[in-house]
Structure formats: structure tokens, C-alpha cells
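A.B. asks: I need the structure of the sequence given here:
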Amino acid sequence: MFTRKQVKEIKEYAFILSQLLNYKWAQLLEKFNSAPKIALKVKGISDAKIRRNNLSKFKHILLTQMEDGNIIDFYTGKVLEANDISIDHVIPWSFMYSDDIWNLVITSKSVNSSKSNSVPSKKVIRRLEERNKELVEIVKDPKYHEELQVAIDNNYVQKFYVALRL
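C.D. replies: You can find the predicted model right below:
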């Protein structure tokens, strides 16, 4: 049985307690679910701090894959002009709430804006996996090299893709 004081304190901290319970529940689910980072998504939603970041910091890393000095659109294979470069989340940001290098590609501004939050095809997912294997071999920055390697080792592209399709 709770005292009046205890009930008052529970009511006072109800929001914090519910957020903590949701976060702990998400951590438990993460062990049994194929979608990684569930706990971070739930925490981010409960924190109400989810905002898209500027992706321009990834441009120099993604441009390391230029072919013969040409910038190639990931989706179309066409050569891009320097002023038409856009960084895109293959698996939509609205699903991941994360800017991970293994999920980012170079495309044209028009392709990026027309893609919106559409689910990528299996062919695009396979190309992303291959691109990541190539990119991890040439990225020198230890942070991004490790992030790519962890994504490859843990099959993140497939895990997120499968979860997205559910």
C-alpha cells in the first residue's frame, strides 16, 4: 500500500518514470528484434530532440569513390556536376533517425528530392552493401572506417532493410 506522500511523488515523476520504462522496454526488445538501435530511437522520440543534421560533412568521405575524377550518382550512374551533389539516406532518415555513413550516398539534387521517404529496392540495397565494402577499403578516417566495418560485420544494411519492410 502506498502512502499519500508516495502517491504524490509518483504522480510528480510520472513522465520521467514512463520515459524510463519505455526506454528499458526498447532495450529489452532490441535483443529479440532484427531492427537495430530501437532503444536510441525510442530515447530520441521521448527526448523530442530528433532533427535532421547537415550532411555536408560526409561529402568529402563519399567523394573518395570518384571514378576517374567524375562524381557518379549512386542511383542513376550518371556523372554529376559539382553544384548538383546531394547526400541521401538510402534507408530513409525518417525510419532510422540517424546519419550513418554506411547509409549515405551521393546523388543529384533532383533524384534526392523525388525519392522522398520511399523504400529502396532490393537491388539498391545490394548496391549499398557492395558500395560499403568498397568504401571501407579506401576511407582513412578511423571513425568512419570503424563505423563502416561495424555495419558490414553486423549486416546493418540488411537488418534495417528487413525492419523497414515489416
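A.B. asks: just the CA atoms of stretch 99-109, as PDB, please.
C.D. replies: Taking Å, rounded to 0.1, in the frame of the first residue of the first chain, the C-alpha atoms of stretch 99-109 are listed here in PDB:
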ATOM      1  CA  ASP A  99      23.100   9.800 -40.200                       C
ATOM      2  CA  ASP A 100      25.300   6.800 -40.500                       C
ATOM      3  CA  ILE A 101      28.000   6.800 -43.200                       C
ATOM      4  CA  TRP A 102      27.000   3.300 -44.300                       C
ATOM      5  CA  ASN A 103      23.600   4.500 -45.300                       C
ATOM      6  CA  LEU A 104      24.600   7.700 -47.100                       C
ATOM      7  CA  VAL A 105      25.300   8.100 -50.800                       C
ATOM      8  CA  ILE A 106      25.900  10.800 -53.400                       C
ATOM      9  CA  THR A 107      23.100  11.600 -55.800                       C
ATOM     10  CA  SER A 108      21.700  14.500 -57.700                       C
ATOM     11  CA  LYS A 109      19.500  17.100 -56.000                       C
END
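A.B. asks: so for that stretch, mean pLDDT?
C.D. replies: Here stretch 99-109 scores 95 as its mean pLDDT.
A.B. asks: centre of the chain to that stretch, how far?
C.D. replies: Mean-position distance between stretch 99-109 and its chain equals 10 Å (Cα atoms, centre = their mean, to the nearest Å).
A.B. asks: in it, which residues are buried?
C.D. replies: Neighbour counts over stretch 99-109 (16 or more other Cβ atoms under 10 Å) mark 99-108 as buried. Backbone N, C-alpha and C define where each C-beta goes, glycine included.
A.B. asks: again, but for stretch 130-147
C.D. replies: Judged by neighbour count (16+ other Cβ under 10 Å), stretch 130-147 contains these buried residues: 131-132, 135-136, 139, 144-145, 147.
A.B. asks: in a markdown table: the residues you listed, plus distance to residue 74 and secondary structure.
C.D. replies: Below are the buried residues of stretch 130-147 laid out as a markdown table (distance: Cβ to Cβ, whole Å; DSSP: H, G, I helix; E, B strand; the rest coil):
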| residue | distance to residue 74 | secondary structure |
| --- | --- | --- |
| 131 | 7 | helix |
| 132 | 12 | helix |
| 135 | 11 | helix |
| 136 | 16 | helix |
| 139 | 16 | coil |
| 144 | 17 | helix |
| 145 | 20 | helix |
| 147 | 18 | helix |
